[in-house]
Structures are given as C-alpha cells and as structure tokens.
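**Student:** For reference, the sequence and a predicted model appear below.
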Amino acid sequence: MIASNITRSLYRHLAKPYFFARDPEMIHDRMTDLGKRLGRYRVTRDLVSSFLSYQHPSLAQTILGIPFKNPIGLAAGFDKNAELTNIIPSVGFGFEEVGSITGEPCDGNAKPRLWRLPASKGLLVHYGLKNDGCETIASRLRGKTFSAPLGTSIAKTNSPCTVDVEAGIADYEKAFRALSSIGDYFTINISCPNAFGGEPFTDPARLDLLLNRLDTIETKKPIFLKLPADLPLETIDQLIAITDKHRVHGLIAANLTKKHDASTINQTEIFGKEKGGISGKPVEDLSNALISHLYQTARSRYILIGCGGVFSAQDAYEKIRRGASLIQLITGMIFEGPQLIGEINRGLVGLLRRDGYANISQAIGSKLR
Ligand SMILES: Cc1cc2nc3c(=O)[nH]c(=O)nc-3n(C[C@H](O)[C@H](O)[C@H](O)COP(=O)(O)O)c2cc1C
C-alpha cells in the first residue's frame, strides 16, 4: 500500500509530466526496453512485484480451464512483439495478451502514429499493426514458461497484398498455425481500425469464411473474438449468429473507437487528425453497453472480456457487474501509472467485500441479474 502510494505520487509528479512532454511512441519504446531489462533477472522482477503487485484469493478464478490469479490483463497493442512476458506478471497483471501478431512482419503506418489526448483521457492510435510477424514472435515465445496466462492476438498483415478476402484469410491462417501451441488462449482481432482494406471480417459472411478456415486447424487453446466498439447492436447480433456456428469461446468488448466526433472527445485536441482509432475514456460507455448486450443475449455461450477506459477499480467493477469475467486495459496505466493494476485489484477486493461476495466470479453480471 505504501509502496503503491509512493509509486503513484512519483508517477503523477515526476514521470508523467516528463513522459507527456515527449513523443508518445518514443516513450513507449523506451518503456518496452526498460520492461525487457527488468524482466531478465529474478531480483528485478521481485523488486517490481514488491512495489506494484497485489494478489488476493477472492480475485482468483479458473476460466475455460485457465487459472487466473486476478482479472486484470494487459490488452493487445502494448506488447506488440511479446517482449514483456517476463515482467508483466510482476507488475501485477493477472494475464497478458501479446500482439496483434500478423502473418508477415509489418512496419506499420507512417509516423507520427500515436498521440495523447489528455483532456479526453484517451490516445489516438494509428500504428497499423506494427509487429515482427508470426514466425519471429513464435520463435521468441516457443519453449518459454509464463507465470501468468498468455493470450496471442492475431490479425491480418497491414498490406495491399492481404486486401483480397482469400489472401486475408490465408494470412490469419499462417499466424494461427505458427501460434497454435504457444500460450493459453487465442484472440482473433477482426477490428483493427488502422489497416489496409479496413475491417473486412466484421462483415458476417466474411467472418464465416475466416472462422471456417480456422476451425480446421488443431489447437487446444480457447478462442476469443475481439469486437469493434462502434458497430450497431444488430450487426453485433449477426456476428454472434456466425460465431455460434464455430469454435469461439469468448468475446472481447471492445477495440478502439473510430468516432472522432463523439461528445466524449475534446475536439480541439484531435483537430486536423483524421486517421486513427481512439482508446481510453471515449471507449468506456461503448464497451460497457456492448458488454451488457452480450451478457444479456449470449452469456450462456461466451466468456466476456471487458476492455475500454478502465482507469480505476470502480471502472473495472462496473464491467464485471455488466457481465465481464476478465478485464483488459492499456490507456489507464499510461495515464495513472504502473501501480494502477495493484490499486484496481486491491480496490476490487474492497468492493467485493462491501457487496458480500467471497469471490469475483459471484459479481459477474450482478447488475443485470
Ligand atoms: C497504442 C495502442 C495499440 C493498440 N494495438 C492493438 C492491437 O494491435 N490489437 C488489438 O486488438 N488492439 C489494439 N489496441 C486496442 C486495445 O487493445 C484496447 O482494445 C483499447 O485501447 C481500449 O482499451 P483501453 O482504453 O484500456 O486502452 C491498441 C491500443 C493502443 C492504445
């Protein structure tokens, strides 16, 4: 608790002002380098853990056969190349999703491609699936053991060569095969707003084709589908009617929002920036509404992961009470600091106790029951 308060204060008064005055991608790359170094040695991992991590038995659950020590995970897009798997559990995360990983390596879109939106409490992201590609990332991960569950997010390479539907499916297939026995679960990301050809697999008929192909590839890992934040609920229902026919065990709600004109976004800070998806608080209500809808319509068939705008224990608890079994975040950690994960877990224990629950699993969907 004291260590967490010290870290919060240092982050707020020293690190954040320094970081937020500099290029966001450069800071992200430096933090990745630091995380890689801290993850290399047991002593540094233990030190980080003693400052940041908080665990409690009431937060532990086994979901789809995977034991999670706590429900707070790192969302896809922070550890694009799976270089932080040693340190992420020490930060206090209960799981991590690496990627999104594509069939071929990709440099992503032209820079600059990441902006902070401090007044909106979000990030404008136009990375375009920069990553080392499935073969390099698979060989980086192969044979490693992970101290927290690992999800591998796959997407199709951001290139004119994958715009054709069959080429796009073949690209997903390549990444799926390369990662089929690595990590604990798969996520199929059909909702990257920043790639060539848009999001073709958010169309139900094309999603059917993609899942038909992936169904044929052997894997023991459960499969999640990552949904866009902005689709009308009728289209979401059509997508779920497709996933019902395939090997899909869970849904992630949601990816970045493309709505630049939403009232949650301070227009002066995105003026002149036409491209990119927005993370953080502008996704929160969209994600919460989607979680509620999915819980009400499909809870018997899917595990839900809630993602978008989680900056506090209350934010995470709201998603859990709407039906999310697990939570993912990125932007909250960038705005609040790395102690946020421990703070959320500690706060969740207090909220469970207040509401008379012995375990987090009892709170899932409690707002809608
Ligand atoms: C810098 C950045 C890169 C991202 N890249 C990916 C990605 O490669 N794949 C993906 O599925 N989501 C990606 N996302 C979306 C996040 O996983 C998440 O859905 C979104 O940011 C909402 O969560 P947050 O508000 O906690 O950040 C990215 C988000 C950010 C901020």
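**Tutor:** Nice, I can see it. Numbers count the residues shown, from 1 in each chain.
**Student:** For the residue nearest to K121 when sequence neighbours are not counted, give its distance to S287.
**Tutor:** Distance criterion CB to CB, 6 or more residues apart in numbering; nearest residue to K121, sequence neighbours excluded, is K281 at 4.0 Å. (C-beta placed from N, C-alpha, C; glycine too.) Distance, K281 to S287, using CB to CB, to the nearest Å: 10 Å.
**Student:** same check, this time on A167
**Tutor:** 31 Å.
**Student:** can the helix or strand harbouring G347 be found next to the ligand?
**Tutor:** If you go by DSSP states H and E, G347 is part of helix 340-354. No. Judged by CB under 6 Å from any ligand atom, helix 340-354 stays clear of the ligand, getting no closer than 10.4 Å.
**Student:** got the CA coordinates for that helix in PDB?
**Tutor:** Output of helix 340-354 as PDB, limited to C-alpha atoms (Å, rounded to 0.1, in the frame of the first residue of the first chain):
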ATOM      1  CA  LEU A 340      -2.800   1.200 -11.200                       C
ATOM      2  CA  ILE A 341      -3.000  -2.600 -11.700                       C
ATOM      3  CA  GLY A 342      -2.400  -3.300  -8.000                       C
ATOM      4  CA  GLU A 343      -4.700  -0.500  -7.000                       C
ATOM      5  CA  ILE A 344      -7.500  -1.900  -9.100                       C
ATOM      6  CA  ASN A 345      -7.000  -5.400  -7.600                       C
ATOM      7  CA  ARG A 346      -6.900  -4.000  -4.100                       C
ATOM      8  CA  GLY A 347     -10.000  -1.900  -4.800                       C
ATOM      9  CA  LEU A 348     -11.900  -4.800  -6.300                       C
ATOM     10  CA  VAL A 349     -11.300  -6.800  -3.100                       C
ATOM     11  CA  GLY A 350     -12.900  -4.000  -1.100                       C
ATOM     12  CA  LEU A 351     -15.900  -3.700  -3.500                       C
ATOM     13  CA  LEU A 352     -16.500  -7.500  -3.300                       C
ATOM     14  CA  ARG A 353     -16.400  -7.400   0.500                       C
ATOM     15  CA  ARG A 354     -18.800  -4.400   0.500                       C
END
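**Student:** now for that helix, which elements pack on it?
**Tutor:** Applying 3 or more CB pairs under 8 Å, 6 or more residues apart in numbering; DSSP states H and E, one finds that helix 340-354 makes contact with helix 2-10, strand 72-74, helix 313-322, helix 331-336.
**Student:** Quick one: mean pLDDT for that helix?
**Tutor:** Helix 340-354 shows a mean pLDDT of 98.
**Student:** oh, and call the first residue 42 from now on, that's how I've got it
**Tutor:** Okay, using 42 as the starting number, the last item reads as helix 381-395.
**Student:** Need the contact partners of that helix.
**Tutor:** Contact with helix 381-395 is made by 42, 45, 49, 93-97, 99-100, 111-113, 132-135, 351-355, 357-358, 361, 368, 370, 373-374, 377, 399-401, 403-404, as judged by CB atoms under 8 Å, 6 or more residues apart in numbering.
**Student:** and if you look at stretch 399-407?
**Tutor:** Residues outside stretch 399-407 that contact it (CB under 8 Å, 6+ apart) are 98-102, 112, 336, 340, 358, 361-366, 389, 392-393, 396, 398.
**Student:** Sort out which of these are buried, if you could.
**Tutor:** Burial by neighbour count, 16 or more other CB atoms under 10 Å: within these this picks out 99-102, 112, 336, 340, 358, 361-366, 389, 392-393, 398.
**Student:** circling back: can you work out which residues contact both of K322 and S328?
**Tutor:** G350.
**Student:** Now do the helix holding G388 and helix 43-51, the angle between them.
**Tutor:** Between helix 381-395 and helix 43-51, the angle comes out at 130 degrees (axes from the mean of the first three to the mean of the last three CA atoms, to 10 degrees).
**Student:** Just the buried positions in helix 381-395, please.
**Tutor:** Those buried within helix 381-395 under the rule 16+ other CB under 10 Å are 381-390, 392-393.
**Student:** in this structure, what residue is nearest the ligand?
**Tutor:** G118 (2.1 Å; CB to the nearest ligand atom).
**Student:** secondary structure class for that residue?
**Tutor:** The three-state assignment at G118 reads coil, by DSSP: H, G, I helix; E, B strand; the rest coil.
**Student:** hang on, the earlier thing: got the angle for the helix holding G388 vs helix 354-363?
**Tutor:** 60 degrees.
**Student:** What residues does the stretch 292-410 of the chain have near the ligand?
**Tutor:** Selection of the stretch 292-410 of the chain residues close to the ligand by CB under 6 Å from any ligand atom yields 296-297, 320-321, 324, 348-351, 370-373.
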